[in-house]
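Engineer: task: produce atomic coordinates for the following.
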Amino acid sequence: QVQVVESGGGLVQPGGSLTLSCTASGPAFSENPMGWFRQSPGKEREFVAVISRYGGKFYGDCTKGRFTLTRDNAGNTVYLRMDSLTPDDTARYYCVVDQRSYVGNDYESPSAYTYWGQGTQVTVSS
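Structural biologist: Numbering: from 1, shown residues only. Okay, the predicted model is just below:
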């Protein structure tokens with residue numbers, strides 16, 4: 001059974017940092033691109049970042065050089081390090097897995113990803 005499980009969300013002050021983790025269990029997820037989207041109330045889901053099986057990375061405009069996505073050697077866990085957080089980063093963050101073995105040209109679209117976690121809430125507030 002496929003499971004995508006996020007952790008690491010919470011409350012952080014503006015300017016602070018947070019690291020989210022996501023582990024995917026299932027058939028050969030180490031071969032698949034994994035990434036993150038986020039969604040705030042009243043807004044559409046927004047692409048954050050994706051990493052390929054070879055470590056190639058793509059970041060959304062919202063990260064502005066503040067976020068770093070990494071992947072463990074086993075390939076089925078990713079980490080999203082978020083620095084210099086602002087209240088605009090407040091959202092529910094969802095981990096995603098692409099069932100393809102490559103990052104497609106549609107990587108910024110939610111429809112590119114077959115598997116989604118339940119999300120983890122990040123709140124940036126003083």
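
Engineer: strands along this structure, start to end?
Structural biologist: 3-7, 10-12, 18-25, 34-39, 46-51, 57-59, 67-71, 77-82, 91-97, 115-116, 120-124 (DSSP state E).

Engineer: out of the ones you listed, which is closest to N105?
Structural biologist: Among the strands of the chain, strand 57-59 comes nearest to N105, with 10.5 Å by C-beta to C-beta. Quick note: C-beta positions are derived from backbone N, CA and C, even for glycine.

Engineer: how far does the closest one sit from the chain's center?
Structural biologist: 10 Å (C-alpha atoms, centre = their mean, to the nearest Å).

Engineer: quick one: buried residues of that strand?
Structural biologist: F58, Y59 (16 or more other C-beta atoms under 10 Å).

Engineer: by contact count, what packs against it?
Structural biologist: strand 46-51, strand 67-71 (3 or more C-beta pairs under 8 Å, 6 or more residues apart in numbering; DSSP states H and E).
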